[in-house]
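Student: Sequence and predicted structure, then a few things I'm wondering about:
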Amino acid sequence: MKAFAFIRQYSFAKYIMVDLARSFRDLGWPIQWVDLEDIVRKEKDSPSGDMAALVRTLCGDAEAFDPDVVLTYGLEYVCDGAQVFGEGFHQPLSELLGRPAVHFLFDFGSPFDKEHADEIEPEFLRGLQSPDFIFFCWDKEAVSRMKDFGLLKSFYFPMAVNPDAFHPLDKASASLDPYRSDIVFAGGPTPERISHLACLADLGLTVYGYKEEEWKAHPRLAPCWRPPIKERERLNQCYNASRISVNVTRPHGFTSLNMRVYEAMAAGSLMLTDEKSDAQELFEVDREIVLYRSLDELREKARWFLAHEKERRRIAEAGMKRVHEEHTYRSRVRNILPVIDRFYRERLLFQKITERAAQDPEKAFQLLGQSGIAETIRMNMDFYAFLLASLAEKTGKNHLAREYVGMALEINPYHVSARELNERL
């Protein structure tokens with residue numbers, strides 16, 4: 001299977017998509033990679049600034065490559081084109097390229113920060129619910145919330161690490177000297193992070209963080225602050241040179257472990273992180289990773305491991321081994337390939353049915369209702385029932401239409417198209 005992979009943002013998220021694309025390529029997929037953030041920025045800064053020409057070239061290159069699917073970060077593929085290319089380009093990439101997409105969600109903002117599916121714009125939600133899209137989300141609670149929004153093709157995909165980028169180095173190497181630290185944190189500030197890390201400030205804490213002013217506003221953390229590390233090679237050196245790495249998860253990480261956890265562990269630093277249920281499922285607590293449940297426990301455990309080097313090293317090495325064996329992006333991608341394959345085959349089936357329906361709804365209805373068809377559709381049973389209902393309505397079988405639309409809503413109460421058809425019937 002061939003894939004077009006891209007990202008349109010300048011952050012560490014870019015590394016996630018690069019690592020995912022490489023993992024798919026390593027597993028035999030031809031990949032067309034586009035750093036959309038880079039080429040859009042360069043075009044905007046160029047004398048011509050011809051964004052329309054860039055869009056035409058991008059679409060032409062993709063069409064020539066002829067990908068089976070698109071690999072995308074978050075909702076960049078389906079969002080308003082103005083967010084991708086700038087003002088005047090409102091058509092989303094999904095319409096420009098017309099390919100099914102595999103979405104990887106490692107943040108959980110708009111529109112999934114809503115309390116209820118009815119708060120999401122119906123047309124946008126309708127598009128996401130189609131057979132054209134599948135979602136892999138880093139957080140189990142987030143997956144559950146997406147299903148509550150009627151996005152049933154949502155699956156768990158924990159963050160991971162690229163072992164070529166994060167790995168153990170010679171701990172005696174002079175290259176590590178600039179980064180040597182008892183405790184390290186690398187990342188941005190949140191109220192939780194500032195309050196948690198403040199209790200470690202006198203234990204040899206170093207904070208490599210962006211938003212300097214927020215870190216320095218806290219008197220205990222100001223002396224700990226250093227400029228952010230933006231290169232993965234240097235970040236790997238930092239984690240190798242640090243005895244303990246601390247993680248404080250952002251609020252949207254309901255159950256999950258972020259990339260910091262895997263990267264620090266892969267480099268051989270002891271990971272001390274706030275308690276999350278995923279940690280207990282993915283690692284052996286106190287054998288490979290250490291959790292804390294309060295500020296007092298965070299400080300107490302940090303002091304204990306700084307005083308007990310043998311135990312610190314034993315857990316750090318066990319965690320490093322576990323990450324490299326089981327928690328790489330290549331391993332994650334290998335596990336989901338059968339899911340993507342089924343998604344793609346089901347999408348092809350629905351594509352053929354809808355094309356037939358445009359020409360002859362009666363024949364399409366008979367084809368979709370054939371014995372055995374339902375057994376081949378596992379991911380899209382809500383859409384399958386809705387499509388039967390829609391075709392039944394078009395062919396004057398309103399009693400069957402009501403039966404099938406009821407089936408669709410029983411499977412997925414928030415299926416936008418099925419709800420509208422049900423109201424009409």
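Tutor: The structure has been received and is ready for your questions. Numbers count the residues shown, from 1 in each chain.
Student: By neighbour count, which bits of the helix ranked longest in the chain are buried? Give me those.
Tutor: Using DSSP state H to define each element, the chain has its longest helix at helix 329-359. Judged by neighbour count (16 or more other CB atoms under 10 Å), helix 329-359 contains these buried residues: 329-330, 332-333, 336, 339-340, 342-344, 346-347, 349-350, 353, 356-357. C-beta here means a position set from N, CA and C on the backbone, and glycine is covered the same way.
Student: cool, and stretch 75-85?
Tutor: Neighbour counts using 16+ other CB under 10 Å place 75-79, 81, 84-85 of stretch 75-85 among the buried residues.
Student: ok, now stretch 157-174?
Tutor: Result for stretch 157-174 [16+ other CB under 10 Å]: buried residues 157-163, 165-168.
Student: Report the rounded mean pLDDT for it.
Tutor: Across stretch 157-174, pLDDT averages out at 96.
Student: Where does pLDDT dip in the chain?
Tutor: Where the chain drops to pLDDT under 70, the residues are 253.
Student: Against which helices or strands is the strand or helix carrying residue 127 packed?
Tutor: Taking DSSP states H and E as the definition, residue 127 sits inside helix 122-128. Under the contact definition 3 or more CB pairs under 8 Å, 6 or more residues apart in numbering; DSSP states H and E, helix 122-128 sits against helix 416-424.
Student: got the buried residues for the helix it packs on?
Tutor: Within helix 416-424, the residues that qualify as buried are 416-419, 421-422, counting by 16+ other CB under 10 Å.
Student: contacting residues around the spatially most central residue of the chain?
Tutor: With distances taken as CA atoms, centre = their mean, residue 105 lies nearest the centre of the chain, 2.5 Å away. By CB atoms under 8 Å, 6 or more residues apart in numbering, the contact set of residue 105 is 74-75, 112, 135-138, 142.
Student: for the helix or strand residue 24 falls within, the distance to its chain's centre please.
Tutor: Following DSSP H and E, one finds residue 24 within helix 13-26. Centroid separation between helix 13-26 and its chain, computed with CA atoms, centre = their mean, to the nearest Å, is 12 Å.
Student: Then stretch 175-193?
Tutor: For stretch 175-193, the gap between its own C-alpha mean and the chain's C-alpha mean amounts to 24 Å (CA atoms, centre = their mean).
Student: List the buried residues of that stretch.
Tutor: Those buried within stretch 175-193 under the rule 16+ other CB under 10 Å are 176, 179-181, 183-187, 189, 193.
Student: quick one, domains of the protein?
Tutor: Following automatic domain parsing, one gets these domains for the chain: 3-156, 174-326.
Student: out of these, which comes closest to residue 394?
Tutor: Nearest to residue 394 among the domains of the chain is domain 3-156 (18.3 Å), distances taken as CB to CB.
Student: if we can go back for a sec, closest one to residue 385 among the domains of the chain?
Tutor: With CB to CB, the closest approach to residue 385 among those belongs to domain 3-156: 12.0 Å.
Student: measure the closest one end to end?
Tutor: One end of domain 3-156 to the other measures 21 Å (CA to CA, to the nearest Å).
Student: Centre of the chain to it, how far?
Tutor: Its chain's C-alpha centre and that of domain 3-156 lie 11 Å apart, by CA atoms, centre = their mean.
Student: before we move on, what about stretch 314-331?
Tutor: How far stretch 314-331 lies from its chain's middle: 20 Å, per CA atoms, centre = their mean.
Student: Okay, buried residues for that stretch please.
Tutor: Quick answer for stretch 314-331 (16+ other CB under 10 Å): 315-316, 318-320, 322-324, 327-330.
Student: ok, of these, which one's closest to residue 119?
Tutor: The closest of these to residue 119 turns out to be residue 329 (CB to CB; 33.2 Å).
Student: How many residues are close by residue 299?
Tutor: When neighbours are counted by other CB atoms under 10 Å, residue 299 registers 17.
Student: er, residue 275 actually
Tutor: By other CB under 10 Å, 13 other residues sit near residue 275.
Student: phi, psi of it?
Tutor: Main-chain torsions, residue 275, degrees, to the nearest 10: phi -70, psi 120.
Student: how close does it get to residue 90?
Tutor: Remark: distance between residue 275 and residue 90 (CB to CB, to the nearest Å) = 44 Å.
Student: rewinding a little: residue 373 is nearest to which of the domains of the chain?
Tutor: domain 3-156 (13.8 Å).
Student: Can you verify residue 170 is assigned to a strand?
Tutor: No - counting by DSSP: H, G, I helix; E, B strand; the rest coil, residue 170 is located in no strand; its state is coil.
Student: quick one, what contacts it?
Tutor: Going by CB under 8 Å, 6+ apart, the list of residues near residue 170 is empty.
Student: Please give the element, helix or strand, for residue 34.
Tutor: Residue 34 belongs to strand 31-35 when assigned by DSSP H and E.
Student: Strand partners (parallel or antiparallel) of that strand?
Tutor: strand 3-7 (parallel) (DSSP bridges).
Student: Just the residues contacting the strand it pairs with, thanks.
Tutor: Applying CB under 8 Å, 6+ apart, the contact partners of strand 3-7 are 13-14, 17-18, 20-21, 24, 29-37, 62, 65, 67-73, 76, 93, 97, 99, 102.
Student: Go again with 7 Å.
Tutor: Identification of contacts with strand 3-7 by CB atoms under 7 Å, 6 or more residues apart in numbering yields 13-14, 17, 21, 24, 29, 31-37, 62, 65, 67-73, 76, 97, 99.
Student: can you give me the strands for the stretch 151-300 of the chain?
Tutor: 154-156, 181-186, 205-208, 225-226, 242-247, 270-274, 290-292 (DSSP state E, counting those that start in this stretch).
Student: For those strands, give me JSON lines that also has distance to residue 217.
Tutor: Compiled in JSON lines, the strands of the stretch 151-300 of the chain are given as follows (distance: least, CB to CB, whole Å):
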{"stretch": "strand 154-156", "distance to residue 217": "37"}
{"stretch": "strand 181-186", "distance to residue 217": "16"}
{"stretch": "strand 205-208", "distance to residue 217": "13"}
{"stretch": "strand 225-226", "distance to residue 217": "10"}
{"stretch": "strand 242-247", "distance to residue 217": "19"}
{"stretch": "strand 270-274", "distance to residue 217": "22"}
{"stretch": "strand 290-292", "distance to residue 217": "24"}
